[in-house]
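[1] missing the sequence, but the structure's below:
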């Protein structure tokens, strides 16, 4: 089973197409995020260099919450500002009252334990990492692995990281916990960190995976469950985009329901009709879709992505592609519409006409 990730963007004005860039993983490794899953082949490759694991968990920082209960989280943080379902058996507890302290905790639906967390906020203690930490510092202070092996419920798993993975989203083992560190390759700095337990890592399958035994898979979601995941993902993409804009001293974007409806229809159309492009099979582009949706605009930009693990991975991927990044950081845009359908993602950025 091979997963491929696709990105595309478009920037338009009222005069028409300004610039168009279309990328996919086969042509542009700057935004690659693909993996394969193979059964019953656990041989060690001579090409892979094994480095020493970090043997224990950090003694400080938010990673201490992995394995703790939702009641303990409530005692410390209070009620979340929002709860978003995920596609992996846990709910995201979102704390977004202040973007500089934004954090989301993944709480297992069954035992109410925290199985993952993510933040890209500067004021969150992500020890031993921190936002804007240089890549040089990261590589100097921590041992990096080009592969990680683990045993879960009698099945042996081996995640292999490519050179691209090591330079964009290295995976670091801390005892029984794992850190996926997202790097801003353009600036050479840490842009976000995701901590998770072994089961969550296996559910996500974010890297090339070889296993021996029975593969643990997430439960299939109903259409209604997917709808709730999609709605939560849309809000997360808004939050994470605004955190990035704030980091670059830009104004935050206002969420727009009408624009989001346009974006959602495009994500849905791409999946249902099995294409990946800004131009639909009936030859309509984002400008046509916005006009049909009743949106009057001065200028607009569109980012699309497909087959990412979740909203976090999609946003971090957009950040690492110059064209998508330029649209996210365009100072003229004031409104954002987000549409998510299953694992198809669309962002529509708009500067409204007077």
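    Looks like it arrived, so ask away. Computed from a prediction, not measured in an experiment: that's the story for all the values here.
[2] nearest spatial neighbour of residue 245, chain-adjacent residues omitted?
    residue 252 (6.0 Å; CB to CB, 6 or more residues apart in numbering). C-beta: built from backbone N, CA, C; applies to glycine.
[3] give me the pLDDT for the one you found.
    With respect to pLDDT, residue 252 scores 98.
[4] got the contact list for it?
    Residues in contact with residue 252 (CB atoms under 8 Å, 6 or more residues apart in numbering) are 99, 242, 245, 246.
[5] surely the third one meets residue 328?
    Right, the one you point to is residue 245. Yes - the criterion here is CB atoms under 8 Å, and residue 245 meets it with residue 328 at 7.1 Å.
[6] more neighbours, the two?
    residue 328 (26 against 20; other CB atoms under 10 Å).
[7] where in the stretch 251-354 of the chain is pLDDT low?
    Low-confidence segments of the stretch 251-354 of the chain, defined by pLDDT under 70: 354.
[8] can you give me the strands in the stretch 51-200 of the chain?
    For the stretch 51-200 of the chain, the strands defined by DSSP state E, counting those that start in this stretch occupy 82-85, 90-95, 103-108, 114-119, 147-152, 155-160, 171-174, 177-184, 189-197.
[9] mind putting those into TSV with mean pLDDT and mean neighbour count?
    Output for the strands of the stretch 51-200 of the chain, formatted as TSV (pLDDT from 0 to 100; neighbours: other CB atoms under 10 Å):
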stretch	mean pLDDT	mean neighbour count
strand 82-85	98	18
strand 90-95	99	22
strand 103-108	99	23
strand 114-119	99	25
strand 147-152	95	16
strand 155-160	97	19
strand 171-174	96	20
strand 177-184	98	23
strand 189-197	99	24
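[10] a markdown table for the ones you listed, including distance to residue 301?
    Output for those, formatted as a markdown table (distance: least, CB to CB, whole Å):
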| stretch | distance to residue 301 |
| --- | --- |
| strand 82-85 | 25 |
| strand 90-95 | 26 |
| strand 103-108 | 26 |
| strand 114-119 | 25 |
| strand 147-152 | 37 |
| strand 155-160 | 35 |
| strand 171-174 | 32 |
| strand 177-184 | 20 |
| strand 189-197 | 20 |
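[11] per-residue pLDDT, residue 144?
    For residue 144, pLDDT reads 83.
[12] next one: residue 14
    36.
[13] can you check the one 3 residues further on too?
    Residue 17 is assigned a predicted lDDT (pLDDT) of 29.
[14] and residue 40, by the same measure?
    48.
[15] pull the contacting residues for residue 70.
    93, 107, 112, 113, 114.
[16] the fourth one contacts residue 107, doesn't it?
    Yes - with contacts counted by CB under 8 Å, residue 113 reaches residue 107, the gap being 7.2 Å.
[17] could you check which helix or strand contains the residue most central in space within the chain?
    Per CA atoms, centre = their mean, the C-alpha nearest to the average position across the chain is that of residue 313, at 1.6 Å. According to DSSP states H and E, residue 313 maps onto helix 311-319.
[18] next one: residue 238
    helix 223-247.
[19] only the buried residues of that helix, if you could.
    For helix 223-247, burial by neighbour count (16 or more other CB atoms under 10 Å) applies to 226, 228-247.
[20] and it, how far from the chain's centre?
    Relative to its chain's centre, helix 223-247 lies at 10 Å (CA atoms, centre = their mean, to the nearest Å).
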